[in-house]
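*Asks:* Pasting the sequence and the predicted model now:
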Amino acid sequence: MLQTPVNVAFFKRYSNYRRFMYNVTVDFCRFLKNPSSSPFVNFWYRIGVNHSNINHTCPYNHDLRIEKLPVEVVNYQVTEVLPLPEGDYLIKTTWLAYDIKKVEVQIFGTLF
């Protein structure tokens, strides 16, 4: 893949899930060349990059994986670096390739 737009939306649950703080779309290949170009995406990228095979720039011709991500890493990022209030959250990423929706990943979590 040479062009990989990804939309990252952040939701907090009230009576249902509502957008919370951010909803951004970036070209992931361009982002990998300059991660500081999108601080919000970079925040989440830094959480998983050391536990993934996303360790090079595009093109990607293989599966992308995050494996064995310690909960302590995530907990530190969302309570110390960006202190979020307690509650239920959803991070939804939508990946496109050549303007075609290829995959949607939803990550649910609770802070208490």
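*Replies:* Looks like it arrived, so ask away. Residues are numbered from 1 along each chain as shown.
*Asks:* Can you give me the buried ones in the helix or strand where E72 lies?
*Replies:* For E72, the element it lies in under DSSP states H and E is helix 71-76. By neighbour count on 16 or more other C-beta atoms under 10 Å, the buried set for helix 71-76 is V74. (Glycine included, C-beta is placed from N, CA and C.)
*Asks:* So R65 is in contact with G48, correct?
*Replies:* No. Here R65 lies out of contact with G48, judged by C-beta atoms under 8 Å, at a distance of 9.7 Å.
*Asks:* Need the contact partners of stretch 79-99.
*Replies:* Applying C-beta atoms under 8 Å, 6 or more residues apart in numbering, the contact partners of stretch 79-99 are 1, 3-13, 17, 20, 28, 43-44, 78, 101-112.
*Asks:* correct me, but D27 touches N7?
*Replies:* No. D27 is not in contact with N7 according to C-beta under 8 Å; the separation is 11.0 Å.
*Asks:* thinking again about what came up before, and R65 and G48? Which one has more around it.
*Replies:* Legend: neighbour count by other C-beta atoms under 10 Å for R65 and G48, higher for G48 (17 against 10).
*Asks:* which ones are touching the more buried one?
*Replies:* G48 makes contact with 54, 66, 69, according to C-beta under 8 Å, 6+ apart.
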